[in-house]
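Chemist: structure for the following, please:
(2 chains)
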Amino acid sequence: MRLNDRVFGLILLILAVVYGYEATKFPEPFGGQESVGPETFPILLSFLLGIGAIYMMVKPDPNAKWPALSMLIELAIVCVVLMGFAWAIEPVGFIPSAAVAVGFLSWRMGASLSKAAITGVATSVFIFVIFNKVLELALPAGILGF
Amino acid sequence: METISLLLDGFSVALTPESLMFALIGSILGTLIGALPGLGPANGVAILIPLAFSLGLSATSSLILLTSVYAGAMYGGRISSILLNIPGDEPAMMTCLDGYPMAVKGKAAEALATSAIASFIGSFIATIGLVILAPILARFALSFGPAEYFALFALAFATLGGITGKNQFKTLIAAALGLMIATVGIDISSGVQRFTYDNLHLFEGVDFLIAIVGLFAISELFFFLEAHAGDGLKQVAINKLKLTFKDFLFVLPASLRGAVLGFVAGVLPGAGASLGSFISYTLEKRISDKGTFGTGDPRGVAAPEAGNNGAASGALVPMLTLGVPGSGTTAVLLAMLISLNVNPGPMLFQQNADLVWGVIAALFVGNLVLLLLNIPMVGIFVKLLSIPPKYLMPIVTLIASVGIYSITGSAVDLYFMVGFGVLGYVLRKVEIPLVPVILGMLLGPEMEKNLRHSLVLSDGDWGILFSSGLSIGLWIVAAAGLILPIIVGPMLRARMKRNAPTAD
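Modeler: Numbers count the residues shown, from 1 in each chain, chains lettered A, B, ... in the order given. Take a look at the predicted model:
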């Protein structure tokens, strides 16, 4: 089974075609059409990617091992946590959101709950203090506004 | 002679207390980053760029800080090679061959010290090479027109996979992806919006710093999670150092040979540090092996380490003079220069002479600091290495995020970072290399500018790209860079594999 490369090659081929098509739809620049416009280079690139993608489908490499579904779900949860951190950093504040994110990551990587919590809280407080007091870069204080 | 006086000016920049402090901090951070398995020099520099940026350091200070990190990471990479038998990055692979057996035999401290000395010799000689070669190349590069530059960029991509590259078409795909990301945003010369879909955040394009941190650091986090590698690995204990002057003389010839070979490999397009350390080791084995290589011969540690570090400094030659990096880490250094509004290329040596020479002098100083730092302090670094990744990786991720957040103070940048992390994870799973993506993003605008420039000059005739002898020569090398690995690659890889340690 060399499905990986075939599927990914197909995705890339679609990307190349869409990208190239979009490039031909650019509005004409102010001052009229020249021999080279904003679309020339992108069209060249879409051909380049297209060639690579077709080769990938025709001569795929052996599959890399994909993780089990449970692991993929876990990675997706990690992404959500990181996104949540990004979302929460302003309304909630740096320390609580970073503490939760770091604690969660550390717990998922195998630390015990209590140690993960300590790591999260200690790191976020430490980094907050270093950045806001020593390096004078303002990280949002949020609900802990002091 | 002009070079020497410029270099002395450089030293006057690099030896101010402030610069020395940055060199020291950079060296320590770099060693740490290089020592952490899986993090590697490219990652380390990438994570620190946004920080240096948002701290408002001057261009010279940030450059000194980050070149020291770069040099330090090369030093640190060997710690995990020797103590864990796990190379921190690909070039460090050859150091495992004799370094780990030495450590097993209870000579870990000697192996580390030997590699520190060899690294120093490698960097030192290669930096001298850089001083001599760079101005010459820069002067030569002044004769490049836009068509030659376009060919040169193509050459950079074609040779990036290196002579040992596996699948050239995947390098091609990666480069195309990076270049495509670079076209997002408002087109500079016509003002047309490209691929922005009226999204305000895309008007200025995608910041390559966000992409670098996402692709490298965040995808690394995913790999750590997947591998359940949170507990770290068992390492060999470290003994008390007993290194005599005789030991030093014993490894000196190997280090010198390795340094020169490494430098040459670093300068040449497509060879890079992996080949530098590989050639140095094989040559040394051929010259001095009496059956001791592979069982813990100090010369087998010295040669590849000198080669590796020689190549690292050698790779700075094309990066500084032509603006074309030859490896992942130099690509990240290029990112740093561009984000500091310094455009590498032949003009750099004329317009920013003080800065370039300051950096080169900083390399000398940084390497000396590293040598002095590494021999007495290696024990501390080893202790820090034993912090398990389950605590370290989340902290590194947080620091990386803080750096990204502090560039513009916008949470949207963090979403992009996570997005690039996922992209990096998927690309690595299908074995598409990440470095050409980064390089595409970095070189994209310049490459397009030169293409359009030359086509405007020729009134739309594409023949101009192949009209001068120089550009034809560059295209030929580029073509060779794409085709040769398909023929030579399998042979070389087989040899490297036969030499490589069997993973246990």
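
Chemist: ok, residue B:308 to chain A distance?
Modeler: 27 Å (CB to the nearest CB, to the nearest Å). Just so you know, the C-beta spots here come from the backbone N, C-alpha and C atoms, and that holds for glycine as well.

Chemist: who touches that residue in this structure?
Modeler: Neighbouring residues of residue B:308 by CB atoms under 8 Å, 6 or more residues apart in numbering or on different chains: B:74, B:77, B:91-92, B:94-95, B:119, B:122, B:262, B:273, B:276-277, B:280.

Chemist: average model confidence for whichever strand or helix holds it?
Modeler: Residue B:308 belongs to helix B:298-314 when elements are defined using DSSP states H and E. Helix B:298-314 shows a mean pLDDT of 85.

Chemist: over to stretch A:3-14?
Modeler: The model assigns stretch A:3-14 a mean pLDDT of 86.

Chemist: likewise for stretch B:61-75?
Modeler: The model assigns stretch B:61-75 a mean pLDDT of 82.

Chemist: now that stretch, how far from the centre of its chain.
Modeler: 11 Å (CA atoms, centre = their mean, to the nearest Å).

Chemist: what does stretch B:128-143 give?
Modeler: 20 Å.

Chemist: coming back round to it: put the alpha carbons of the helix or strand following the helix holding residue B:308 into PDB.
Modeler: Following helix B:298-314 in sequence order, the next helix or strand is helix B:316-322 (DSSP H and E). Output of helix B:316-322 as PDB, limited to C-alpha atoms (Å, rounded to 0.1, in the frame of the first residue of the first chain):
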ATOM      1  CA  LEU B 316      27.700  31.100   5.700                       C
ATOM      2  CA  VAL B 317      29.800  32.000   2.600                       C
ATOM      3  CA  PRO B 318      27.000  31.500   0.000                       C
ATOM      4  CA  MET B 319      24.500  32.800   2.500                       C
ATOM      5  CA  LEU B 320      26.200  36.100   3.200                       C
ATOM      6  CA  THR B 321      27.500  36.800  -0.300                       C
ATOM      7  CA  LEU B 322      24.800  35.500  -2.500                       C
END
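
Chemist: thinking again about what came up before, show me which pair in the contacts of residue B:308 is furthest apart.
Modeler: Greatest spacing in the contacts of residue B:308, by CB to CB: B:77 and B:280 (15.1 Å).

Chemist: between the two, which one's more packed in?
Modeler: Legend: neighbour count by other CB atoms under 10 Å in any protein chain shown for residue B:77 and residue B:280, higher for residue B:77 (35 against 31).

Chemist: is any residue of the helix or strand containing the more buried one near chain A?
Modeler: Counting by DSSP H and E, the element that carries residue B:77 is helix B:59-84. No. Shown here: helix B:59-84 not in contact with chain A (CB under 8 Å from any CB of the partner chain), separated by at least 13.4 Å.

Chemist: just to revisit the earlier point, would you mind giving the contacts of residue B:308 as JSON lines with distance to residue B:418 and secondary structure added?
Modeler: As requested, the contacts of residue B:308 are exported to JSON lines (distance: CB to CB, whole Å; DSSP: H, G, I helix; E, B strand; the rest coil):
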{"residue": "B:74", "distance to residue B:418": "29", "secondary structure": "helix"}
{"residue": "B:77", "distance to residue B:418": "27", "secondary structure": "helix"}
{"residue": "B:91", "distance to residue B:418": "30", "secondary structure": "helix"}
{"residue": "B:92", "distance to residue B:418": "29", "secondary structure": "helix"}
{"residue": "B:94", "distance to residue B:418": "35", "secondary structure": "helix"}
{"residue": "B:95", "distance to residue B:418": "34", "secondary structure": "helix"}
{"residue": "B:119", "distance to residue B:418": "36", "secondary structure": "helix"}
{"residue": "B:122", "distance to residue B:418": "38", "secondary structure": "helix"}
{"residue": "B:262", "distance to residue B:418": "37", "secondary structure": "helix"}
{"residue": "B:273", "distance to residue B:418": "30", "secondary structure": "helix"}
{"residue": "B:276", "distance to residue B:418": "35", "secondary structure": "helix"}
{"residue": "B:277", "distance to residue B:418": "34", "secondary structure": "helix"}
{"residue": "B:280", "distance to residue B:418": "40", "secondary structure": "helix"}
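
Chemist: flag the least confident of the residues you listed.
Modeler: Among the contacts of residue B:308, residue B:273 carries the lowest pLDDT, at 63.

Chemist: flag the shaky bits of the chain, pLDDT-wise.
Modeler: Here I'm looking at chain A. Filtered on pLDDT under 70, chain A yields the residue ranges A:1-2, A:28-35, A:63, A:144-146.

Chemist: oops, I was thinking of chain B
Modeler: If you take pLDDT under 70 as the line, chain B has these spans: B:1, B:37-40, B:87-90, B:161-166, B:229-241, B:269-274, B:326, B:489-490, B:492-493, B:495-504.

Chemist: quick one: contacts for the most centrally placed residue in chain B?
Modeler: Centre of chain B computed as the mean C-alpha position; nearest residue by CA atoms, centre = their mean is residue B:329, 2.1 Å away. By CB under 8 Å, 6+ apart, the residues touching residue B:329 are B:40-42, B:45, B:70, B:73, B:312, B:315.
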